[in-house]
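Chemist: Quick check, what structure comes out for this input:
(chains A and B)
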Amino acid sequence: MDLTAILPELTKGLAAFTWQNAVMIAAACVLIYLAVAKEYEPVLLLPIGFGCLLANIPLSGMTASQGMMGVLYEAGIKSELFPLLIFIGVGAMIDFSPLLSQPRMVLLGAAGQFGIFGTLVLAVLLGFPLNEAASIGVIGAIDGPTSIFVATKLAPELLAPIAVAAYSYMSLIPIIQPPLMRLLTTRKERLIRMEYTPRPISQATLVAFPVVLTLVVGLLVPEATPLISMLMLGNLLKVSGVVERLSKAAQNEIINIATLFLGLTIGATMVGSSFLQPKTLMILLLGLFAFGLDTVAGLLFGKLMAALSGGKINPLIGAAGISAFPMAGRLAARMAADEDYDNFILMHAMGANTAGQLGSVIAGGVLLAVVGKLLGIG
Amino acid sequence: MKYTVKVDRQTFEVEIEDINVRPVIARVDGQVFEVSPETGAVAVSPVPAAAQEPAPSSHSNSSGKVLVSPLPGTVIEVFVRSGESVEAGQVVLIVEAMKMKNSLRSVRNGTVAAVLVSAGQTVAHKQALIEFTE
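Modeler: The predicted structure is shown next:
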């Protein structure tokens, strides 16, 4: 037996290890640290971090097409199954009654999508092709499943940095949004109290809403149908009141399993050699810009509504018009309470936030339709 | 529930909130008494009213005397009991709405006359939660 042949076999993993792998493993450890020690979106960052760790162990075969990550990628990401399964769960957790009882909040959900299109233009000006620019812009809504859905269709090669940006910025909402909120609103505006006089919402309306919205959005923007329909299916399970078991499964088992495998698989796409490119940094920066622009657009629109309503609308709820449900809504409520502990704008912020969730799905669908048509994709 | 009580030929109107709750909160001529009937007459004690109360802001979610729920939700925790004095800004209750825990604070200095809800209870928007003495 030739012992000299065994030694390289035992050290081949180390021999194939590159500095890029080392950097990515360090990044993976940072993600795991943020999840465990800081509890920043641990449900997402922990599997993404661990997936990234695995992807940078050379020769493990896990990311090969027949490896576990490869199989999960084909089955859940490329097929777009995981984001859609997650949306069933998100839909089952969303309560649309604050939006239905205050329909004007829809405007804020639309304004919160401005950054998507603003960033698209900027990315094109910076030399990104249209399909990539559109995928990067969607990061601004901070809606992970929609970002993944759009990127998979338009620019699958950018999926890893886009998903990482969308999910890490989601965990950074309490850090990124407050300075913008304070900068763009006066204390007087933040102190505005909002009368909560919800119109009573009947059970029939709650049940009709997901069905009608699926049909209307589906017929107007067919490309948005997969996302909106699964979101609405989840919501229908919840509001119908007759399938509590299914609603609970959607809110727990289905979304949890899909989130675990989605996070793991996204993390596993962060292979050093392809991730550590100047382009990744550009995407992360543009994504941050899109997020900021969405927040600013929402806030400015909130200020406009405050002015038009004669000071009856607190512009902070505009910042909840991005997606990022429910973190953005809670943050807007918390910011108002920080200024005045007796001011509760949670229900208004949640109305804007659920509108933002719908807005980002529709914006994603519009981008898929327009960009897909222009480029002959999809 | 109002009772008329005659003591030494003098008639008193006594308002009792819930005769089954201990201590019994009784109001006589605007003054609140805590009564523990089972332990005898000595347990009767007037509840001191706060001497100076800041006027609640005109557009407050709650009127000065009653703290109402600013949101529809579920009471998670109640931190005060009747008879306890509270300061403006003190967290008295937590209401969870839209899966967010909201700390409700007293907008005034004063004394809790009655806690009208308990942990786990679902509350409607503007439902009275805590009553303060005058």
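Chemist: When you work out contacts or count neighbours from here on, use the C-alpha atoms and nothing else.
Modeler: Will do.
Chemist: Can you name the residues of chain B sitting close to chain A?
Modeler: Contact residues (CA under 8 Å from any CA of the partner chain) of chain B with chain A: B:60, B:61, B:70, B:71, B:89, B:98, B:100, B:104, B:105, B:107.
Chemist: Could you tell me which of those residues are located in strands?
Modeler: B:100, B:104, B:105 (DSSP state E).
Chemist: Tell me how many other residues surround the second one.
Modeler: By other CA atoms under 10 Å in any protein chain shown, the residues close to residue B:104 number 22.
Chemist: Go ahead and confirm it touches residue B:91.
Modeler: Yes - using CA atoms under 8 Å as the test, residue B:104 is close enough to residue B:91 to be in contact (5.6 Å).
Chemist: if I pick the most centrally placed residue in chain A, what's in contact with it?
Modeler: Chain A has residue A:143 as the residue nearest its centroid, 1.8 Å off, counting by CA atoms, centre = their mean. Under the criterion of CA atoms under 8 Å, 6 or more residues apart in numbering or on different chains, the contact partners of residue A:143 comprise A:166, A:167, A:170, A:323, A:324, A:325, A:357, A:360.
Chemist: the strands in chain B, which residues?
Modeler: Counting by DSSP E, chain B has these strands, from start to end: B:2-7, B:10-16, B:24-28, B:31-35, B:45-46, B:66-68, B:73-78, B:85-86, B:91-97, B:100-105, B:110-115, B:122-123, B:128-132.
Chemist: what about the ones you listed, which gets the closest to residue A:176?
Modeler: For residue A:176, the closest of these is strand B:100-105, at 20.1 Å, according to CA to CA.
Chemist: pLDDT below threshold where in the chain?
Modeler: Here I'm looking at chain A. A:1, A:377-378 (pLDDT under 70).
Chemist: that's the wrong chain, I wanted chain B
Modeler: In the predicted model, chain B carries pLDDT under 70 at residues B:1, B:17-25, B:30-64.
Chemist: List the residues that contact residue 112.
Modeler: No chain was given, so I picked chain A. Taking CA under 8 Å, 6+ apart as the contact definition, residue A:112 lies against A:141, A:294-295, A:297-298, A:318-323, A:356, A:359.
Chemist: wrong one, I was asking about chain B
Modeler: B:80, B:81, B:82, B:83, B:84, B:85, B:86, B:130, B:131, B:132, B:133.
Chemist: next one: residue B:91
Modeler: With contacts taken as CA under 8 Å, 6+ apart, residue B:91 has the following neighbours: B:79, B:103, B:104, B:105, B:106.
Chemist: Which of these are buried, as a PyMOL select command?
Modeler: To isolate the buried members of the contacts of residue B:91 in PyMOL, using 16 or more other CA atoms under 10 Å in any protein chain shown:
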select buried, chain B and resi 103+104+105+106
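Chemist: Can you tell me which of the contacts of residue B:91 is nearest residue A:53?
Modeler: Sorting the contacts of residue B:91 by distance to residue A:53 puts residue B:103 at the head of the list, at 40.2 Å, by CA to CA.
Chemist: Enumerate every residue touching that closest one.
Modeler: The contact partners of residue B:103, by CA under 8 Å, 6+ apart, come to B:91, B:92, B:93, B:94, B:95.
Chemist: Now do it against residue B:89, distance only.
Modeler: When distances are taken as CA to CA, to the nearest Å, residue B:103 and residue B:89 turn out to be 10 Å apart.
Chemist: what's the answer for residue A:207, then?
Modeler: 41 Å.
Chemist: Comparing these two, which shows the higher neighbour count?
Modeler: residue A:207 (18 against 15).
Chemist: Quick one: residues contacting the more buried one.
Modeler: Applying CA under 8 Å, 6+ apart to residue A:207 gives the contacts A:236, A:239, A:240.
Chemist: Pull the number of nearby residues for residue B:87.
Modeler: Neighbours of residue B:87 under the rule other CA under 10 Å: 16.
Chemist: Now residue A:14: closest residue in space, sequence neighbours ignored.
Modeler: Among residues not flanking residue A:14 along the chain, residue A:58 sits closest, at 7.9 Å (CA to CA, 6 or more residues apart in numbering or on different chains).
Chemist: The one you found and residue A:190: what is the separation?
Modeler: Using CA to CA, we find residue A:58 at a distance of 52 Å from residue A:190.
Chemist: and what of residue A:169?
Modeler: When CA to CA is applied, the distance between residue A:169 and residue A:190 equals 24 Å.
Chemist: sec struct for residue A:59, please.
Modeler: With DSSP: H, G, I helix; E, B strand; the rest coil as the basis, the three-state label of residue A:59 is coil.
Chemist: which stretch of helix or strand covers the nearest residue to it once chain neighbours are set aside?
Modeler: The shortest distance from residue A:59 to any residue other than its chain neighbours is 6.4 Å, reached at residue A:13 (CA to CA, 6+ apart). Applying DSSP states H and E as the criterion places residue A:13 in helix A:3-15.
Chemist: Return the residues in contact with residue A:256.
Modeler: Under the contact definition (CA under 8 Å, 6+ apart), the residues listed for residue A:256 are residue A:86.
Chemist: Am I right that it sits in a helix?
Modeler: Yes - Residue A:256: assigned to a helix according to three-state DSSP.
Chemist: For residue A:16, grab the count of nearby residues.
Modeler: Counted with other CA under 10 Å, the burial measure for residue A:16 works out to 11 neighbours.
Chemist: oh, I was asking about residue A:277
Modeler: Applying other CA under 10 Å, I find that residue A:277 has 10 neighbouring residues.
Chemist: distance of residue A:30 from residue B:66?
Modeler: Noted for residue A:30: a distance of 49 Å to residue B:66, by CA to CA.
Chemist: These two: who's more crowded?
Modeler: Using other CA under 10 Å, the more surrounded residue of residue A:30 and residue B:66 is residue B:66, with 22 against 15.
Chemist: what number of residues lie near the nearest residue to that one once chain neighbours are set aside?
Modeler: Nearest in space to residue B:66, with sequence neighbours left out and distances taken as CA to CA, 6+ apart, is residue B:131 at 4.5 Å. Neighbours of residue B:131 under the rule other CA under 10 Å: 19.
Chemist: next one: residue B:134
Modeler: Using other CA under 10 Å, residue B:134 is surrounded by 17 other residues.
Chemist: I'd say it and residue B:29 touch.
Modeler: No - Residue B:134 is not in contact with residue B:29 according to CA under 8 Å; the separation is 11.4 Å.
Chemist: Now do the shared contacts for the two.
Modeler: Overlap between the contact sets of residue B:134 and residue B:29, as judged by CA under 8 Å, 6+ apart, is nil.
Chemist: The strands of chain B: which one's closest to residue A:75?
Modeler: Residue A:75 lies closest to strand B:100-105 among those, at 34.9 Å (CA to CA).
Chemist: Just checking: what are the partner strands of the closest one?
Modeler: Paired neighbours of strand B:100-105 in the sheet (DSSP bridges): strand B:91-97 (antiparallel).
Chemist: List the buried residues for the partner strand?
Modeler: Burial within strand B:91-97, assessed by neighbour count using 16+ other CA under 10 Å, is assigned to B:91, B:92, B:93, B:94, B:95, B:96, B:97.
Chemist: Touching, the fifth one and residue B:68? I think so.
Modeler: It refers to residue B:95. No - using CA under 8 Å, residue B:95 and residue B:68 do not qualify as a contacting pair, with a distance of 11.0 Å.
Chemist: Next up, phi/psi of residue A:221, please.
Modeler: Listed backbone geometry of residue A:221 is phi -130, psi 80, with angles given as degrees, to the nearest 10.
Chemist: What parts of the stretch 251-378 of chain A come near chain B?
Modeler: Proximity of the stretch 251-378 of chain A to chain B is confined to A:330, A:341, A:342, A:343, A:344, A:346, A:347, A:350 under the rule CA under 8 Å from any CA.
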